[in-house]
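Asker: Below are the sequence and a predicted model; questions follow.
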Amino acid sequence: MLKDITLGQYFPGSSFIHKLDPRTKIMIMFAYVVIVFMIQNFEGYIALTAFLAVCVTVSKISPKYLIKGLKPILIFIVFTGLFNLFLTSGTIVWHWWIFTITKEGISFAAFMVLRLVFLILGTSLLTLTTSPIALTDGIEHLLSPFKKIGVPAHEIAMMMTIALRFIPTLLDETDKIMKAQSARGASLDSGNILSRAKAMVPILIPLFISAFRRADELATAMECRCYRGGENRTRLYELKYSVTDGLGWLYTIILFALIISLNFVFGKF
Amino acid sequence: MTDNIISIQDLIFEYKDEDTGEINRVLNGINLDVHKGEFLAVLGHNGSGKSTLAKHMNAILTPTSGKVFVHGINTSDAAQLFEIRRRVGMVFQNPDNQMVATIVEEDVAFAPENLGIDRDEIRKRVDSALEIVGMTAFKRHAPHMLSGGQKQRVAIAGVLAMKPEVLVMDEPTAMLDPSGRAEIMNTVKKLNREEGMTVVLITHYMDEAVQADRTVVVDNGSIAMQGTPKEIFPQVDKLKELGLDTPQSTYLIYMLNKHGFDFDPAVLDDENCARILLERLKQHNTDLEGVAHD
């Protein structure tokens, strides 16, 4: 049923990568994104593939599962590829009617597609190996230096936690409301898109009302438990950096150095 | 004064209806003390003001006039808000709507985290609170995987982790099935008897109120009756007038007495009721035998 859908796409495990501090993982992911954009030649992608392959092996996540993550943006990847393929000017290789393929177009398209694929693969590795709670915690810690300029770090994290907490509850409720409305003769999965969208109204309205009521009750319950924002708050689990985080960074720096030197040696493709 | 944890004096609470501009008086001059270590049940039908009364006990609402003291602190004193709330733990009806975190033990840790207690102490409190409610085995579970009764026990643990002096429960069993209700009542009784926790239970279930040391019946914003369950429940007519039921065994004895029997009307549970009836039956038989022998 609705309840069975996975939250985010966290894949529980106890690998080296799972055990990394969420802050380290988030920062390494940003570094990774920068590195992907710095790559200037195909040799760089070979190095990156090796880097990612090691990460995936260590994380014990099946590569199939990782590649599945590309599915939702497949159309986007294909379009990027085609646009670059046909719209880049240069030495003509093939021509038919209004379609022209150039030598530069082929390599540029391949380059862009690779860039997109690697961005998605790398970032999904983060969400696959980090539980939503750890991710929230990490974000709160990383944002806290920006509190001084008015970034509500604690509030953002609290909102994410509550959202995660209530997703299953509200899905359950949606399920109940759908059944209740079907029992009253509402047809939810027939007709064209317009009539289906209309059929959603009697589901969404009760769902919204109930969500507001829940929010109100939760706020009272939180106040009863002395909630007063992030100030002076302690934590049951404090995030701590360890040796593994250093190793993670070392690994990233090696990749960074490798990409720079490859850029230097082979130049732009 | 010292053994009154909560002291309510001439409490009046009114609110203004946003639409009609009318002033509604929900509580009308309530005087009530909650003694240390007691198990107090507050009974009343829907709309009697019992939940509103509960919300005054930890300064969620403050009186329009009159005073509420918690451990000698006036609840209208906004500066002392957290001192009051730390002392009065509140559990609500819907267990789903009072859990914050996505993991049981982190939810229990929520209150001590808010209080800024250090980590080792939080750990200790979380473990002991989960132990008391018997949910230690579920500490790494997600709340939505638990049954209603289990969720409500976690909610109780979440409040116990504040180490409150009194536990106020606003219809904690209203959304639970019978087995969940039994779980909660056993937990509450255990807390009261073994841990010495003062408990205020707001309910409309008679069989729950029967288990308390003292019962207060709220009707139309005032206290209509108060006393031990044995004093309150035999007054079937008066309870009916207030829109409340009586426990079934009390009602049975009441009806029998109405038809000319002379049972002790202070019967509250099935077992007692059966015992009394059996005794009378045996006595009746021996009387009959006596008659036969003559």
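Answerer: Thanks, I have the structure now.

Asker: So for residue B:147, what's the nearest residue that isn't a sequence neighbour?
Answerer: Closest residue to residue B:147 apart from its sequence neighbours, by CB to CB, 6 or more residues apart in numbering or on different chains: residue B:180 at 6.5 Å. No exception for glycine: its C-beta is placed from N, CA and C like everyone else's.

Asker: Doesn't that neighbour lie inside a helix?
Answerer: Yes: under DSSP: H, G, I helix; E, B strand; the rest coil, residue B:180 sits within a helix.

Asker: Tell me which residues touch residue A:218, please.
Answerer: Residue A:218 makes contacts with A:162, B:97-98, B:100, as judged by CB atoms under 8 Å, 6 or more residues apart in numbering or on different chains.

Asker: out of those residues, which one sits closest to residue B:63?
Answerer: Distance to residue B:63, by CB to CB, is smallest for residue B:98 among those, at 24.3 Å.

Asker: residues touching the closest one, list them.
Answerer: Under the criterion of CB under 8 Å, 6+ apart, the neighbours of residue B:98 are A:217-218, A:221, B:91-92, B:155, B:158.

Asker: Next, find the distance separating residue B:179 from residue B:206.
Answerer: According to CB to CB, to the nearest Å, residue B:179 and residue B:206 sit 19 Å apart.

Asker: whoops, residue B:31 was the one
Answerer: From residue B:31 to residue B:206 the distance is 24 Å (CB to CB).

Asker: Compare the two (neighbour count), which wins?
Answerer: residue B:206 (22 against 12; other CB atoms under 10 Å in any protein chain shown).

Asker: circling back to that earlier point, out of the contacts of residue B:98, which end up buried?
Answerer: A:217-218, A:221, B:91-92, B:155, B:158 (16 or more other CB atoms under 10 Å in any protein chain shown).

Asker: Looking at those residues, which is nearest residue B:276?
Answerer: Among the buried ones among the contacts of residue B:98, and counting by CB to CB, the member closest to residue B:276 is residue B:91, at 35.4 Å.

Asker: name the helices or strands packed onto the helix or strand of chain A with the lowest mean pLDDT?
Answerer: The least trusted helix or strand in chain A, going by mean pLDDT, DSSP states H and E, turns out to be strand A:92-96, with a mean of 79. For strand A:92-96, the packing partners by 3 or more CB pairs under 8 Å, 6 or more residues apart in numbering or on different chains; DSSP states H and E come out as strand A:99-102.

Asker: Quick one: residues in contact with the strand it packs on.
Answerer: For strand A:99-102, the surrounding residues in contact (CB under 8 Å, 6+ apart) are A:85-86, A:88-95.

Asker: what distance separates that strand from the centre of its chain?
Answerer: Mean C-alpha position of strand A:99-102 versus that of the full chain (CA atoms, centre = their mean, to the nearest Å) differs by 35 Å.

Asker: Phi first, then psi, for residue B:203.
Answerer: phi -160, psi 160 (degrees, to the nearest 10).

Asker: give me every residue that touches it.
Answerer: Counting by CB under 8 Å, 6+ apart, residue B:203 touches B:41-43, B:171, B:173-174, B:209.

Asker: What of residue A:43?
Answerer: Residue A:43 is in contact with A:262, A:265-266, counting by CB under 8 Å, 6+ apart.

Asker: same check, this time on residue A:24
Answerer: The contact partners of residue A:24, by CB under 8 Å, 6+ apart, come to A:241, A:245, A:248-249.

Asker: buried stuff in the helix or strand hosting it?
Answerer: Here residue A:24 is covered by helix A:22-38, with elements defined by DSSP states H and E. Neighbour-count burial for helix A:22-38, counted by 16+ other CB under 10 Å, picks out A:22-29, A:32, A:35-36.

Asker: Around chain B, pick out the residues from the stretch 151-269 of chain A.
Answerer: Residues of the stretch 151-269 of chain A found near chain B (CB under 8 Å from any CB of the partner chain) are A:161-162, A:164-165, A:168-169, A:172, A:213-214, A:217-218, A:220-228, A:232-238.

Asker: Now intersect those residues with the helices, please.
Answerer: Of those, the ones assigned to helices by DSSP state H are A:161-162, A:164-165, A:168-169, A:172, A:213-214, A:217-218, A:220-224.

Asker: What's the ChimeraX line that selects buried ones from those residues?
Answerer: The buried residues among those can be selected in ChimeraX (16+ other CB under 10 Å) with this line:
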select /A:161,162,164,165,168,169,214,217,218,220,221,222,223,224
